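1. Got a predicted structure here, sequence first:
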6 protein chains.
Amino acid sequence: MKIGARNRLDAEVTEVKRGTVMCQVKVKLAGGGNMESVMTLDSLDDMGLKVGDKVRVAVKAVNVMLIKD
Amino acid sequence: MKIGARNRLDAEVTEVKRGTVMCQVKVKLAGGGNMESVMTLDSLDDMGLKVGDKVRVAVKAVNVMLIKD
Amino acid sequence: MKIGARNRLDAEVTEVKRGTVMCQVKVKLAGGGNMESVMTLDSLDDMGLKVGDKVRVAVKAVNVMLIKD
Amino acid sequence: MKIGARNRLDAEVTEVKRGTVMCQVKVKLAGGGNMESVMTLDSLDDMGLKVGDKVRVAVKAVNVMLIKD
Amino acid sequence: MKIGARNRLDAEVTEVKRGTVMCQVKVKLAGGGNMESVMTLDSLDDMGLKVGDKVRVAVKAVNVMLIKD
Amino acid sequence: MKIGARNRLDAEVTEVKRGTVMCQVKVKLAGGGNMESVMTLDSLDDMGLKVGDKVRVAVKAVNVMLIKD
């Protein structure tokens, strides 16, 4: 399966925080560093995501910003 | 300065591909792995971004998707 | 493979318009109606997308707007 | 009125799930298939959206991903 | 017509820069300040947008970031 | 510090509405008009955002839609 998102990083789920409609999933990248995803609880439950799961992080390139100090 | 994006990773610009209106900037993460950003040429030129620059990658958590194999 | 996007529709690629950095891919939904995706040429070429290909359309729910007349 | 989003599909609201700040609105496309939108409760109440309402779904093409199996 | 985007500002088109697939449209807000939109050329032509046109700017609240110095 | 978002407007926080995972922050633009941002509570707390704070609003141009009546 191929997906049209240029940014794909291997990661592991480290925390899941459930809200009423949305949830926040924290992951640790294989190469170090942390990222977070916000999705609906329905998506979380569909995927059966839980702490310790191996996932890939996907972000469309148009949604990536660069900051230069 | 603080920015309301939960995903911030250190990176270095490895390639800049200029189009007519948009451009594609490839970066290598400090921890390994590559990411890409698409922005307007105006943004690129405003920031004066070039290969070798140290940048931070910022992505809003709502734009991060997780994929489970 | 499971993906954290609540909106997934079956479709077929009907047109590919290549720019310098980006491209525009038009698809016809299985249920009728058309949609379009803008992605980098690199993504297009990675996936090897061409007219006639069967694809699934994925959109994060936060990026879906509803309009009421 | 014209809107700069290339993806517009006719749909009907089938479910509204209210959270504390956000809500999730499920719609059934006229051509078949389901989609979902996440928005603020304020947006929902401004529009007065409820089950059974006819709406149009709008998505910017840059936020549409294609997946090829 | 009601649209599910909480951010709507009155503006006037001040510049249109056409690329191959995408274009960049600059607008001046009624209250002062400038904004920009990137869309497909198809969207631009569908709307018949040109310099001097009165438009409304719409942004989903999830795509708005706040920066604190 | 330079950020790759073409839309930056000065504003002041007028209201913060906390949910379980997300929150909604309303701001008043220096030039008049209001905008809103939805972010995680974690982002809000990281920034220590509160009513009366001066902020800058940043939006990537690809997430800006124009509507023509």
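-> Perfect, I can see it now.
2. so how many other residues sit close to the closest residue to residue A:22 other than its chain neighbours?
-> Take residue A:22 and drop its neighbours on the chain: the residue closest to it by CB to CB, 6 or more residues apart in numbering or on different chains is residue F:21, 5.1 Å away. Bear in mind the C-beta positions are built from the backbone N, C-alpha and C, glycine included. Counted with other CB atoms under 10 Å in any protein chain shown, residues neighbouring residue F:21 total 23.
3. show me what contacts residue F:21?
-> A:17, A:18, A:19, A:22, A:23, A:24, A:38, F:40, F:41 (CB atoms under 8 Å, 6 or more residues apart in numbering or on different chains).
4. Bridged to the fourth one, which residues?
-> Right, the one you point to is residue A:22. residue A:40 (DSSP bridges).
5. Run through who's touching whichever strand in chain A runs longest.
-> Longest strand in chain A, counting residues (DSSP state E): strand A:7-18. Around strand A:7-18, the neighbours that count as contacts under CB under 8 Å, 6+ apart are A:23-31, A:34-35, A:41, A:44, A:49-61, A:64, B:29, B:33, B:35-36, B:66-67, F:20-21.
6. Chain A: strands as residue ranges?
-> Going by DSSP E, chain A shows strands at A:2-3, A:7-18, A:22-29, A:34-40, A:54-59, A:65-68.
7. As TSV, those strands with distance to residue F:7 and mean neighbour count would be great.
-> Output for the strands of chain A, formatted as TSV (distance: least, CB to CB, whole Å; neighbours: other CB atoms under 10 Å in any protein chain shown):
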stretch	distance to residue F:7	mean neighbour count
strand A:2-3	28	18
strand A:7-18	22	17
strand A:22-29	25	23
strand A:34-40	21	24
strand A:54-59	20	21
strand A:65-68	12	21
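8. worst average pLDDT in those strands?
-> Comparing mean pLDDT across these, the weakest is strand A:2-3, with a mean of 74.
9. close to chain B, is it?
-> Yes. Contact of strand A:2-3 with chain B (CB under 8 Å from any CB of the partner chain) involves residue A:3.
10. Packing partners of that strand?
-> helix C:41-47, strand D:65-68 (3 or more CB pairs under 8 Å, 6 or more residues apart in numbering or on different chains; DSSP states H and E).
11. so how far is the first one off the chain centroid?
-> In terms of CA atoms, centre = their mean, to the nearest Å, the gap separating the centre of helix C:41-47 from the centre of its chain is 13 Å.
12. Using CSV, write out every CA atom in it.
-> Extracted in CSV, the C-alpha atoms of helix C:41-47 (Å, rounded to 0.1, in the frame of the first residue of the first chain):
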residue,chain,number,x,y,z
LEU,C,41,5.4,15.4,-8.0
ASP,C,42,7.6,13.2,-5.8
SER,C,43,4.6,11.7,-4.1
LEU,C,44,2.9,11.1,-7.4
ASP,C,45,6.0,9.4,-8.8
ASP,C,46,6.6,7.3,-5.6
MET,C,47,3.1,5.9,-5.9
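13. if we can go back for a sec, mind checking how far the residue nearest to residue A:22 is from residue A:40?
-> 11 Å (CB to CB, to the nearest Å).
14. Please enumerate the shared neighbours of the two.
-> A:22, A:23.
15. list the contacts for residue A:44?
-> With CB under 8 Å, 6+ apart, residue A:44 has these contacts: A:16, A:18, A:23, A:25, C:4.
16. hmm, try it at 10 Å
-> Contacts for residue A:44 were tallied using CB atoms under 10 Å, 6 or more residues apart in numbering or on different chains; they are A:16, A:18, A:22, A:23, A:24, A:25, A:37, A:50, B:66, C:4.
17. how about these, which pair is most distant?
-> Maximum pairwise distance in those, criterion CB to CB, is 17.0 Å, between A:22 and A:50.
18. Now residue A:41. Nearest residue, chain neighbours left out?
-> Looking at residue A:41 with CB to CB, 6+ apart, the closest residue is residue A:23, at 5.3 Å.
19. show me the contacts for that neighbour.
-> A:16-17, A:37-45, A:49, F:20-22.
20. Residue A:59 touches residue B:38, doesn't it?
-> No. Between residue A:59 and residue B:38 no contact is recorded; they are 11.0 Å apart, counting by CB atoms under 10 Å.
21. near chain D, which residues of chain A?
-> A:1-5, A:19-22, A:38-43, A:58, A:60-63 (CB under 10 Å from any CB of the partner chain).
22. who in chain A is up against chain F?
-> Counting by CB under 10 Å from any CB, chain A sits next to chain F at A:17-24, A:26, A:36, A:38, A:41, A:60-69.
23. Count the residues that sit near residue A:51.
-> 12.
24. how much space is there between it and chain F?
-> 16 Å (CB to the nearest CB, to the nearest Å).
25. nearest residue to that residue other than its sequence neighbours?
-> Nearest to residue A:51 is residue A:13, by CB to CB, 6+ apart, at 5.4 Å.
26. Residue A:56 too?
-> Closest to residue A:56 by CB to CB, 6+ apart is residue B:67, at 4.4 Å.
27. Show me what that neighbour is bridged to.
-> residue A:56, residue C:3.
28. what does residue A:29 give?
-> Counting by DSSP bridges, the residues bridging with residue A:29 are residue A:11.
29. Tell me the residue of chain A that sits nearest chain F?
-> Per CB to the nearest CB, residue A:19 is where chain A lies closest to chain F, at 3.3 Å.
30. Quick check, pLDDT for that residue.
-> With respect to pLDDT, residue A:19 has a value of 96.
31. same deal with residue A:51?
-> 98.
32. contacting residues around it?
-> Residue A:51 touches A:12, A:13, A:14, A:15, A:16, A:25, A:26, A:27, counting by CB under 10 Å, 6+ apart.
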